[in-house]
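[1] Provided below for reference: sequence and predicted model.
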Amino acid sequence: MTSTPDTPRPDPQTRPTRQPSPLRRMVERGRDEEHRVASSLELFFDLCFVVAVAQGGVELVHAVAEGHAGSGVADYARIFFAIWWAWMNFTWFASAYDNDDVVYRLVTLVQIAGVLVLAAGVSRAFENDDFTVVVIGYVIMRLAMSAHWLRAARSSSGAERTAALRYAGGVLLCQVGWVALLFLPAASVPWVFVVLAVLEMCVPLYAEKDRQTSWHPHHIAERYGLFTIIVLGETIAAATVAVKSGVEENDALGEVLPIAAGGLLIVFAAWWIYFAVPIHDRLASNRQGFLWGYGHYFVFASAAAIGAGIEVAVEQAVGKAHISTTAASAAVTIPSAVFLLMVWALHARYFKEGAAQQLTLPVSAVLMLGCTFAGSWAVLAAGIVAALTVAVGVTLSARSARPAGTQEA
């Protein structure tokens with residue numbers, strides 16, 4: 001059948017239609033594709049992953065409130081790595097290869113099922129140091145990710161095919177290590193975990209050493225921003241439940257109100273600071289993109305931990321937590337300070353002019369840590385610091401944007 005001038009030719013770089021085809025070739029999408037936005041499947045993916053983040057936060061609260069902050073933070077860091085790494089790998093793959101056919105959707109839903117299995121094992125991991133269910137859920141997600149890459153390899157050739165096969169092979173090889181981790185002596189697990197995590201993070205560097213996949217900078221920036229919003233939303237939800245419990249079950253409005261107000265200011269400021277500058281223009285290469293993307297482990301983990309910290313502070317205020325006021329305050333101020341520093345390091349500093357703008361977030365992080373020692377007013381004080389950080393940032397940015405010769409108000 002021959003085409004006529006009026007017959008539109010299919011463009012593999014355009015966004016897929018709403019109705020998915022059963023099967024279509026998984027070809028790369030263009031880096032310069034216009035109007036590239038997150039799909040409904042990606043948003044659903046994010047929401048389901050936040051379920052696992054929430055479970056990790058709940059168990060972190062219990063661990064810290066019971067005075068086991070060290071082991072609790074270590075378990076939280078390990079579980080959050082599994083969630084974050086699986087989320088991140090799919091996000092970058094989808095940015096380059098999302099063809100929205102039936103098989104793509106089904107394999108992605110398998111990944112979602114995997115993170116829900118992981119979430120079901122979080123309690124056992126924290127309470128009994130049993131990571132069996134967590135590892136099973138993680139392996140399910142990663143096997144599905146390998147299937148995506150094998151489909152991409154089948155539809156490509158040359159260096160592109162080589163990169164896809166390296167991804168698939170590297171991911172599968174790492175899963176052998178994760179399964180073996182379940183049979184090792186408990187004392188060796190933390191060290192082996194670190195080795196396996198490093199190997200996982202080296203897979204993209206190896207796979208793309210000769211050819212870069214066509215991930216879309218604006219799409220990647222949007223996906224990370226959306227996940228940040230969802231994590232911050234989960235933080236507000238967790239804090240709201242804690243405050244509600246403190247008021248209704250313990251009649252402690254006076255004790256929890258400063259914590260609620262300070263926590264809300266911190267979360268509002270975190271949103272403002274993260275989205276103060278557009279980052280997609282800086283994501284021009286793998287070196288810039290991967291450094292930025294990997295660094296978001298600390299952004300996401302600290303944002304989620306803020307909510308857990310607020311819950312700990314509420315429990316301590318009403319007498320449920322077996323820790324000091326300073327320790328409970330640190331559960332809020334430390335992740336808040338980490339969030340400020342990481343947002344500054346990853347993208348805010350590239351848009352700052354002059355020492356005053358450059359020092360705003362680092363100095364605020366130090367002041368946030370200082371609030372730890374403000375007793376029962378620590379969280380409120382940290383919230384005020386966060387609000388003032390936004391105010392100072394907005395003021396300095398407005399002054400630097402003012403045309404030369406303009407009189408100050």
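    Everything's here; your move.

[2] these two touch, right, residue 313 and residue 331?
    Yes. Look at residue 313 against residue 331 with Cβ atoms under 8 Å: they come within range, at 6.4 Å. In short, each C-beta sits where N, CA and C put it, glycine included.

[3] residue ranges with poor pLDDT in the stretch 201-350 of the chain?
    The model of the stretch 201-350 of the chain has pLDDT under 70 over residues 250.

[4] And the helices in the stretch 201-350 of the chain?
    217-250, 253-274, 286-317, 325-346 (DSSP state H, counting those that start in this stretch).

[5] before we move on, back to that, when residue 313 and residue 331 are compared, which one has more neighbours?
    Using other Cβ atoms under 10 Å as the criterion, residue 313 and residue 331 rank with residue 313 on top: 34 against 30.

[6] who are the neighbours in contact with that one?
    Going by Cβ atoms under 8 Å, 6 or more residues apart in numbering, residue 313 touches 259, 263, 328-329, 331-332, 378-379.

[7] 7 Å instead?
    Residues counted as contacts of residue 313 (Cβ atoms under 7 Å, 6 or more residues apart in numbering) are 259, 328-329, 331-332, 379.

[8] same thing with residue 128?
    Taking Cβ under 7 Å, 6+ apart, one finds nothing in contact with residue 128.

[9] What does the pLDDT read for it?
    Residue 128 carries a pLDDT value of 87.

[10] ok, back up a step: compare the helices of the stretch 201-350 of the chain and give me the one nearest residue 27.
    Closest to residue 27 of the helices of the stretch 201-350 of the chain, according to Cβ to Cβ: helix 217-250, at 16.2 Å.

[11] what's the offset of the closest one from the middle of its chain?
    Put simply, helix 217-250 sits 12 Å off its chain's centre (Cα atoms, centre = their mean, to the nearest Å).

[12] Just the buried residues of it, please?
    217-228, 230-232, 234-236, 238-239, 242-243, 245-247, 250 (16 or more other Cβ atoms under 10 Å).

[13] How about stretch 113-130?
    Buried residues in stretch 113-130, counted by 16+ other Cβ under 10 Å: 114-122, 125-126.

[14] just stretch 388-402 next, same as before
    For stretch 388-402, by 16+ other Cβ under 10 Å, it's 389-390, 392-393, 396-397.

[15] wait, what's in contact with residue 258?
    376-377, 379-380.

[16] which of these lies closest to residue 207?
    Distance to residue 207 across the contacts of residue 258 (Cβ to Cβ) is lowest for residue 379, with 43.7 Å.

[17] burial of that closest one, as a residue count?
    32.

[18] number of nearby residues for the closest residue in space to it that isn't next to it in sequence?
    Here the nearest residue to residue 379 in space, its sequence neighbours aside, is residue 262; by Cβ to Cβ, 6 or more residues apart in numbering that works out to 3.7 Å. Residue 262 is flanked by 28 other residues according to other Cβ under 10 Å.

[19] Tell me the spacing between residue 262 and residue 59.
    24 Å (Cβ to Cβ, to the nearest Å).

[20] With residue 153 instead?
    Residue 153 is 38 Å from residue 59, by Cβ to Cβ.

[21] still on that earlier bit, which one of the helices of the stretch 201-350 of the chain lies closest to residue 65?
    Of all these, helix 286-317 comes closest under Cβ to Cβ, at 5.1 Å.

[22] Of all the residues in that closest one, which ones are buried?
    286, 289-290, 292-294, 296-317.

[23] Surely residue 196 touches residue 175?
    No. Counting by Cβ atoms under 7 Å, residue 196 does not reach residue 175; the two are 9.6 Å apart.

[24] out of these two, which sits in the more crowded spot?
    For residue 196 versus residue 175, neighbours defined as other Cβ under 10 Å are more numerous around residue 175 (21 against 18).

[25] So which bits of the helix or strand harbouring the more buried one are buried?
    Following DSSP states H and E, one finds residue 175 within helix 158-181. Neighbour-count burial for helix 158-181, with 16+ other Cβ under 10 Å as criterion, is recorded at 160, 162-171, 174-175, 178, 181.

[26] Please name the residues that touch residue 331.
    Shown in contact with residue 331 (Cβ under 7 Å, 6+ apart): 64, 308-309, 312-313.
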